[in-house]
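J.: Have a look; sequence and predicted model below, questions after that.
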Amino acid sequence: MQQESGKTNNIEGKALFFYGKSEELLKQHPRYQELKLSDDDFKRLQLTKKSIASAVGFPNLYELYSDDEIIKLVNKIKDNNVIVENTTLIEVVKNYCKKRDRWKFKKESYKRFEHKNFKELINQKINRDSLLSFDGNLSSPNLNRDEILKYLDRIYEIITLYEDGKIGEFLTKSKMKIGSISDKNKISESMRKLLDGVNDDNICIGSVVELAKEELEIKTGDNFDKFIKEEGQYLWERIKEIPFKEYKKSIEYLEKKTPYATQHSVKGSEYDNVFVMLESSWQKYSFDGMMLEDGEEPSKRALKLFYVCCTRAQKNLVVFYLKSNPNPQILKWIKEKFGEENVINLDIENRNVKL
C-alpha cells in the first residue's frame with residue numbers, strides 16, 4: 001500500500017482484508033502477527049458508538065443513556081398524549097407495546113420496576129447526549145452532563161489529582177485541609193479506602209458515591225439531591241447499580257486514552273496503522289450493499305465512509321468483516337479492491353494452521 005497521490009514520500013505498508021466469525025482468530029493469524037503490532041498501535045475505527053462502548057467496556061452505561069426501554073416507553077406515552085392513571089409499568093407494556101417488543105422489558109435491569117406505578121415514571125428523563133458530552137477536561141464545566149455524572153466527574157478528578165501527586169490541587173478540589181500530622185494521616189487512610197473501592201471491578205457506582213461522601217466528605221450538593229428526587233430518580237436507581245469500572249472506561253474513551261474512534265470522526269486525520277471494523281448495525285449504512293454495488297443510498301454512504309476510513313492509514317491497513325461465508329459477489333468485490341493474496345478467510349486458514 002502506498003500513500004495517497006500528492007504525498008511527498010512513498011511509505012511501504014500492507015493492506016489486509018480478513019473475514020470470519022471471530023476477531024480472536026484474526027489476532028492469531030500469521031498474516032496479522034507478522035505486522036508485529038499491538039492493539040494500541042492501531043487506530044480502531046468502528047461505525048457506532050454503541051459498538052465502541054461494548055469494546056471499551058461500558059456497554060450497560062451506554063445503553064442506559066442511549067437506549068433505555070422504560071424511558072423510550074415514557075416518551076412514547078407522552079408524545080401520544082396518553083393519560084395513564086393508577087397503572088403499573090407491566091400493565092402499560094402489555095397495553096401499549098407490540099407483542100414482539102414486550103420481551104425487552106423482561107431484562108433483569110427492568111424487572112424491579114414492573115409493579116411501579118407508571119405515574120411515578122412519567123416525568124423521568126435521561127439526556128442521551130449527557131454521557132458522551134465531555135470535552136476531555138474534568139476541570140472545565142461540562143454543562144450537558146447531568147448532576148450524577150458531574151458528581152462522578154468530581155470524584156474521578158480528585159482521585160486522579162491524588163494519584164498524580166498534585167496535592168495542592170487535590171486539597172483545593174476536595175476542600176480538605178492539612179493542619180497537622182493527624183490530618184495528613186486521616187486523608188491518607190481515607191484515600192486508601194476510596195482507592196481500594198474504585199479499583200474493585202465489582203463495586204457499583206452507588207457504593208463509590210457513598211464512599212466519597214463518607215471518607216472524603218465530598219458533598220453531593222442541592223442540585224444532585226434535587227435531581228435524583230425528581231426527574232433523575234429513575235436514572236439514579238439504574239445507574240447506581242452499574243459497576244463503577246464502566247464509568248471509568250467511559251472517561252478513558254472520552255479522554256482519548258483508547259485507540260477507538262467512530263468512522264465519522266476521523267475525516268482529515270492520519271494514522272500510521274488503521275483497523276477498520278465493518279459492521280451492519282446501522283440501517284443508514286450498508287457495507288454489504290456497498291460490496292454488492294446495489295446502488296442504494298445506504299450503500300453509497302457506506303462506500304464514502306469506507307473510503308475515508310481506508311485513506312486514514314499511512315502504513316498499514318487492516319479491515320475486518322465479521323462474516324464467515326460472504327456472498328460470492330461480495331467476495332469478488334473484496335478481492336478486486338485488495339488483491340486476492342491479501343484477502344484472508346479466517347475460518348478456513350485457522351483450521352489449516354491447527355492441522
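T.: Sure, I can see it. Everything quoted here is computed from the prediction, not taken from an experiment.
J.: got the contact list for residue 221?
T.: Applying Cβ atoms under 8 Å, 6 or more residues apart in numbering, we find residue 221 in contact with 147, 151. From N, CA and C alone the C-beta is placed, and that goes for glycine too.
J.: Okay, the residue nearest the centre of the chain and residue 269: tell me how far apart.
T.: Among the residues of the chain, the one closest to the centroid is residue 53, at 1.8 Å (Cα atoms, centre = their mean). Plainly put, residue 53 is 21 Å away from residue 269 if you go by Cβ to Cβ, to the nearest Å.
J.: quick one: the helices in the stretch 101-250 of the chain?
T.: Ranges of helices in the stretch 101-250 of the chain, per DSSP state H, counting those that start in this stretch, are 108-111, 147-163, 167-174, 181-198, 205-215, 222-229, 233-239, 244-254.
J.: Wait, a helix at residue 17?
T.: No. Under DSSP: H, G, I helix; E, B strand; the rest coil, residue 17 falls outside any helix and is assigned strand.
J.: Grab the nearest non-local neighbour of residue 238.
T.: residue 64 (5.5 Å; Cβ to Cβ, 6 or more residues apart in numbering).
J.: Measure how buried the one you found is and give me the count.
T.: Residue 64 has 22 neighbours, counted by other Cβ atoms under 10 Å.
J.: Assess the claim that it and residue 235 are in contact.
T.: Yes. Using Cβ atoms under 8 Å, residue 64 makes contact with residue 235 at a distance of 7.5 Å.
J.: which neighbours do the two share?
T.: By Cβ under 8 Å, 6+ apart, the residues touching both residue 64 and residue 235 are residue 126.
J.: hang on, the earlier thing: list the neighbours of whichever strand or helix holds the residue nearest to residue 238 that are in contact with it.
T.: Using DSSP states H and E, residue 64 falls within helix 59-66. With contact meaning Cβ under 8 Å, 6+ apart, helix 59-66 is reached by 49-50, 53-54, 109, 126-128, 130-132, 235, 238-239, 242-243, 246-247, 250.
J.: Next, please give the residue ranges for the strands of the stretch 251-355 of the chain.
T.: For the stretch 251-355 of the chain, applying DSSP state E, counting those that start in this stretch gives strands covering 260-262, 271-278, 313-321, 343-345.
J.: what's around the closest residue to residue 234 other than its chain neighbours, how many residues?
T.: In this structure, residue 234 finds its nearest non-sequential neighbour in residue 124, 4.0 Å apart by Cβ to Cβ, 6+ apart. Each residue near residue 124 was counted by other Cβ under 10 Å, and the total is 20.
J.: try the one 3 residues further on
T.: By other Cβ under 10 Å, the residues close to residue 127 number 15.
J.: what are the phi and psi angles of it?
T.: Taking degrees, to the nearest 10, you get phi -80, psi 110 for the backbone angles of residue 127.
J.: Equivalent analysis for residue 43, please.
T.: phi -90, psi 120.
J.: could you list every residue that touches the closest residue to it other than its chain neighbours?
T.: Of all residues not flanking residue 43 in the chain, residue 271 sits nearest, at 4.0 Å (Cβ to Cβ, 6+ apart). Applying Cβ under 8 Å, 6+ apart to residue 271 gives the contacts 42-43, 312-314.
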